[in-house]
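Novice: Build me a structure from this.
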Amino acid sequence: MVNYESMYGGAQYSTLTPNYYTPPSPYSTATGDISIHLDARTANQLGELNMRVNPGVKQVEIQGTFPQSLDSIPVQHFDEMHRLAKLTGVKPSFHGPVVEASGIGEGGFTEENRFGAEKHMESSMEKAHRLDPKGNISVTFHSSASLPDLTPHIMVGKGKDRKRIDQGLFIINEDSGQITSIKPEKRYFPEDEKEKFTENEIPFRPLDELERKNKEMWTESLAQVNRFAEFGEDALDRAQRAYPKETMEMGKIDPALISNENDRKNFENAQRAINHGQVYLRDSYRSLKGLFNKAWAHTRNPEDKEKLKNFVELAQSSITKDFETDPDQIVKLREVVEHGLKTLSQVKQTPEMWQPLDQFVVKKSAETFANIAEKAYSKFGSSAPIVNIENAPANNALSSGEQLRNLVEKSREQLVNNLKKSKGMSVSQAKAVADKMIGATWDVGHINMLRKKGYNEKEIIEQTKAVAPFVKHVHLSDNFGMEHTELPMGMGNVPLKGMMDEIKKEGFKGAQVIEAMNWWQYFAEHGGGNAFKPTIEALDSPIYAMAEGAGWGSTNVYGAYYSGHGAVNPGVHHNTYGAGFQTLPTELGGEIPGDRGRFAGSPNQ
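Specialist: Residues are numbered from 1 along each chain as shown. Below you'll find the predicted structure:
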C-alpha cells in the first residue's frame with residue numbers, strides 16, 4: 001500500500017500506526033535482486049501483479065501454492081501476466097502447488113498418488129512457461145507437502161556434550177506400501193557381540209533397530225513356512241504309517257475293492273492325512289515363493305543371488321502341470337519346499353523388507369521431479385522452466401540442508417537416466433541439462449524452525465552450507481523459529497547474513513523472494529503497507545543504482561507531526577480557492593506557516 005500522505009510535509013505515519021522500520025541487518029542487497037511474492041490466498045494473481053509492481057520492483061513471484069486456487073486461474077491470465085511483466089520490465093518466477101511428490105498419502109504409498117502429483121506439477125510447468133516463454137523461469141516445488149519429520153530428533157547439551165538424540169524413525173514396507181515407525185524403548189540386554197552389558201540403558205540407534213526388525217521379520221517368515229512344511233510332513237508320515245504300501249498312489253486305489261474292514265479304515269485315515277498334508281505343503285510352497293521374490297528383490301549379495309538362482313532352476317525342473325494340487329506329485333512338492341527353506345535360511349544378507357521412509361520418499365520424489373523436468377525439456381527445449389526444490393518447514397520431511405541436497409542429487413541422477421533413454425544423450429550431455437534444470441530453493445525461514453528442535457544459530461547456518469552449491473533461488477521469510485510464520489526480514493531471528501554468505505560463496509545470482517504470507521494475512525490490509533518496503537529497510541538496500549550513498553534503512557526521513565494522518569488537506573488548497581482556515585493546523589487545512597495567503601485583503605479573507 002502506497003501512502004498518499006507522504007506526498008506532503010506531515011509525517012508518513014501517526015503514532016497510532018506502528019512504524020515497521022527495522023535497523024539495517026548486517027546483510028544488504030540491491031533492490032533489483034529482491035523479488036516480492038503475491039498474495040497466495042487468491043486466484044486473481046493478475047490483479048495482484050498489477051498492484052504489487054507499483055513500488056518499482058524488478059522481480060515478482062506468481063503464486064500457485066494452493067492447488068485449488070491455481071486451477072482457478074484462467075489460462076488467459078497467464079498470458080496477460082506475461083504481457084504485463086514484459087511491459088513493466090519485471091522478471092517473473094512461479095511457486096508451484098504444494099503437493100506430495102512422493103505419492104504417499106494417508107493410506108501409505110500408491111503409484112496412483114505419485115503419478116497424480118506428477119501430472120499436477122507437469123501442468124504447472126506448462127502454465128509457468130506461459131509467464132516467460134523465452135526465459136528459464138524458476139518454478140519452486142516443496143520437497144514434501146504433507147509428511148512429518150521422518151527422522152524426529154532433538155539437539156541437547158553444550159560444547160563437547162552437544163549431541164543429537166533420535167526420537168524415532170518412520171519406515172515403510174515397499175512391497176505393501178505400509179508405513180509404521182520405530183520408537184525408542186528401554187533396552188538393557190545386549191543384542192550382539194559389539195555390545196556389552198552395563199547397568200545403563202543402551203542408547204537408541206534407529207538404523208540398528210531397523211536392521212533388527214528386518215532380521216526378526218525374515219526369521220519369523222521362514223519359521224512360518226517351516227511350520228506349514230512340518231505339518232505337511234507329519235501328515236504324510238501318519239499316512240505312511242496307516243497304509244504303508246501304496247500311500248503315494250492313493251488316487252489309483254478304489255477303497256471299495258479293499259475287502260478287509262481294518263485295511264479300509266487305515267486307507268481312509270491315510271487318505272485324509274495326505275489331503276491335510278497336501279494343503280499344508282501347498283501353503284508352505286506358496287509362502288516360499290513369496291519369500292523367494294522378496295529375497296531376490298532386496299538382496300544385493302552376489303553369492304546369495306547365485307544360491308537363489310540355482311534353487312529356482314532346480315525347482316523348475318520338478319514343476320509340471322498341476323504341481324501344487326496333484327497328489328501323485330506330493331513327494332516332489334515336499335522336496336522342493338525342503339530345498340527352498342534350506343536355501344533361504346542360508347542367505348547371508350537379510351532382505352530389507354522394511355526400509356527408512358526418508359530414503360523411499362527421496363527415491364519416489366526424485367522420480368517425480370526428474371519426470372516433470374524431462375517433459376518440460378522435451379516440450380520447450382532450452383527455454384524450459386527450471387525445477388527448484390524447496391526445503392519444507394523444519395518439522396516436515398526432507399527439510400534439512402543435507403536432505404534437500406540428497407534429493408536434488410538423486411533427481412538429477414534420475415533425469416540423466418531419463419534423457420539417456422529417451423533422447424539418446426551421452427552422460428555428459430544429460431548431466432549438463434540436469435544440472436541446469438534441477439536446483440534448490442532455499443527458504444531461510446523454513447530452516448530457522450530447527451530452533452524448535454534445539455538447534456542454535458551456528459547449526460542453522462551449517463544446514464545452509466550443506467546445500468549452498470545447489471541453490472538457484474531464495475525465499476526470504478522471517479520468524480522466531482517456533483511456528484511457520486512468514487514475516488518480512490528483520491521482524492524475527494533468522495540469521496540471514498550467515499546463510500546468504502554461504503550461498504553467495506558458491507556464486508549465487510538468483511532472485512531473493514520476499515515470502516511474507518503472514519504480512520498479507522494480518523498487516524498489509526491494516527496499515528502495514530507493501531512487504532517490499534520493510535524488507536528493503538531491514539536489508540538497507542541502496543537507494544541509488546550505483547550502490548553508493550544512503551540505503552533505505554538509513555534515510556531517517558520522518559515528519560515532525562506526531563498525530564493524525566499528515567497533510568491530507570493542505571492549506572494551499574484553501575489559499576487558492578478561498579476559506580483559508582488560518583486557525584487550523586496545517587495538516588488539517590490551515591495556512592502554511594510563514595506563507596502569505598493568496599487572497600489576502602480580499603473579501604473572502
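Novice: Return the distance of Asn310 relative to Lys332.
Specialist: As judged by CB to CB, to the nearest Å, Asn310 and Lys332 stand 17 Å apart. For every residue, glycine as well, the C-beta is placed using N, CA and C.
Novice: brain fart, Trp442
Specialist: Here Trp442 is placed at a distance of 63 Å from Lys332 (CB to CB).
Novice: Pick out whichever of these two has more residues nearby.
Specialist: Each of Trp442 and Lys332 has its neighbours counted (other CB atoms under 10 Å); Trp442 has more, 29 against 16.
Novice: tell me what the helix or strand hosting that one is packed against?
Specialist: Taking DSSP states H and E as the definition, Trp442 sits inside strand 438-443. Taking 3 or more CB pairs under 8 Å, 6 or more residues apart in numbering; DSSP states H and E as contact, the helices and strands that strand 438-443 lies on are helix 357-380, strand 386-390, helix 401-423, helix 457-467, strand 471-476.
Novice: go with 6 Å
Specialist: With contacts taken as 3 or more CB pairs under 6 Å, 6 or more residues apart in numbering; DSSP states H and E, strand 438-443 sits against strand 386-390, helix 401-423, strand 471-476.
Novice: Which among these is found nearest to Lys375?
Specialist: For those, proximity to Lys375 was assessed by CB to CB; helix 401-423 is nearest, at 9.5 Å.
Novice: So which residues of the stretch 451-600 of the chain form helices?
Specialist: 457-467, 496-505, 517-518, 532-538, 571-577 (DSSP state H, counting those that start in this stretch).
Novice: what's the most buried one of those?
Specialist: Most buried of the helices of the stretch 451-600 of the chain, by mean neighbour count (mean count of other CB atoms under 10 Å): helix 532-538, with a mean of 24.
Novice: Can you give the domain ranges for the chain?
Specialist: Structurally, the chain divides into domains by automatic domain parsing as follows: 1-21+553-605, 24-52+60-102+114-146+361-538, 153-210, 218-352.
Novice: mind checking which of the ones you listed is nearest Gly108?
Specialist: Closest among the domains of the chain, using CB to CB: domain 153-210, at 4.0 Å.
Novice: Can you give me the end-to-end span of the closest one?
Specialist: End-to-end span of domain 153-210 (CA to CA, to the nearest Å): 16 Å.
Novice: re the thing from before, so how far is the strand holding Trp442 from its chain's centroid?
Specialist: Chain-centre distance of strand 438-443: 11 Å, with CA atoms, centre = their mean, to the nearest Å.
Novice: Dump the helices of the stretch 451-600 of the chain to a markdown table, plus mean pLDDT.
Specialist: Putting these into a markdown table (pLDDT from 0 to 100) gives the following:
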| stretch | mean pLDDT |
| --- | --- |
| helix 457-467 | 95 |
| helix 496-505 | 94 |
| helix 517-518 | 85 |
| helix 532-538 | 84 |
| helix 571-577 | 52 |
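Novice: Dump the ones you listed into JSON lines; add distance to Pro393 as well.
Specialist: Listed next are the helices of the stretch 451-600 of the chain as JSON lines, based on distance: least, CB to CB, whole Å:
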{"stretch": "helix 457-467", "distance to Pro393": "13"}
{"stretch": "helix 496-505", "distance to Pro393": "16"}
{"stretch": "helix 517-518", "distance to Pro393": "12"}
{"stretch": "helix 532-538", "distance to Pro393": "20"}
{"stretch": "helix 571-577", "distance to Pro393": "52"}
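Novice: Looking at those, which is nearest to Gln76?
Specialist: helix 517-518 (26.1 Å).
Novice: which other residues reach that closest one?
Specialist: If you take CB atoms under 6 Å, 6 or more residues apart in numbering as the criterion, helix 517-518 is touched by 485-487.
Novice: Just the buried ones among those, please.
Specialist: Neighbour counting by 16 or more other CB atoms under 10 Å classes 485-487 among the contacts of helix 517-518 as buried.
Novice: Tell me the one of those nearest Phe470?
Specialist: Closest approach between the buried ones among the contacts of helix 517-518 and Phe470, by CB to CB: Glu486, at 22.7 Å.
Novice: Look up how far Gln68 lies from the closest one.
Specialist: Taken as CB to CB, the span from Glu486 to Gln68 is 20 Å.
Novice: Is the residue nearest to Lys379 when sequence neighbours are not counted part of a helix or strand, or is it coil?
Specialist: Excluding the flanking residues, the one nearest Lys379 by CB to CB, 6 or more residues apart in numbering is Glu126, at 7.5 Å. At Glu126 the chain is in helix, as set by DSSP: H, G, I helix; E, B strand; the rest coil.
Novice: what about the closest residue to Leu70 other than its chain neighbours, how many neighbours?
Specialist: Distances taken as CB to CB, 6+ apart place Gly64 nearest to Leu70, at 3.7 Å, with adjacent residues excluded. Around Gly64 there are 25 other residues, counting by other CB under 10 Å.
Novice: For Gly64, what are phi and psi?
Specialist: phi -130, psi 30 (degrees, to the nearest 10).
Novice: can you pull the contacts of Glu457?
Specialist: Contacts of Glu457 by CB under 6 Å, 6+ apart are Pro495.
Novice: and it, how far is that from Ala440?
Specialist: Taken as CB to CB, the span from Glu457 to Ala440 is 21 Å.
Novice: got a list of what Asn448 touches?
Specialist: Contacts of Asn448 (CB under 6 Å, 6+ apart): 460, 479, 481, 494.
Novice: could you dump those residues to a markdown table with distance to His120?
Specialist: As requested, the contacts of Asn448 are exported to a markdown table (distance: CB to CB, whole Å):
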| residue | distance to His120 |
| --- | --- |
| Ile460 | 32 |
| Asn479 | 28 |
| Gly481 | 31 |
| Val494 | 30 |
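Novice: Okay, and which of the residues you listed map to strands?
Specialist: Among the contacts of Asn448, none falls in strands (DSSP state E).
Novice: And the helices in the stretch 51-200 of the chain, which stretches?
Specialist: Under DSSP H, counting those that start in this stretch, the stretch 51-200 of the chain gives helices at 67-70, 75-88, 111-131.
Novice: Where does Leu341 fall, secondary structure wise?
Specialist: Leu341 belongs to helix 330-345, assigned by DSSP H and E.
Novice: so what does that helix touch, helix or strand wise?
Specialist: Partner elements for helix 330-345 (3+ CB pairs under 6 Å, 6+ apart): helix 206-242, helix 261-298, helix 302-318.
Novice: For the last one, name the packing helices and strands.
Specialist: Same thing as helix 302-318. By 3+ CB pairs under 6 Å, 6+ apart, helix 302-318 packs against helix 330-345.
Novice: switch the cut-off to 7 Å
Specialist: Packing partners of helix 302-318 (3 or more CB pairs under 7 Å, 6 or more residues apart in numbering; DSSP states H and E): helix 261-298, helix 330-345.
Novice: so which of the helices and strands packed on helix 330-345 gets nearest Pro133?
Specialist: Of all the helices and strands packed on helix 330-345, it is helix 261-298 that lies closest to Pro133, at 44.5 Å by CB to CB.
Novice: tilt between the closest one and helix 206-242?
Specialist: Angle between the axes of helix 261-298 and helix 206-242 is 160 degrees (criterion: axes from the mean of the first three to the mean of the last three CA atoms, to 10 degrees).
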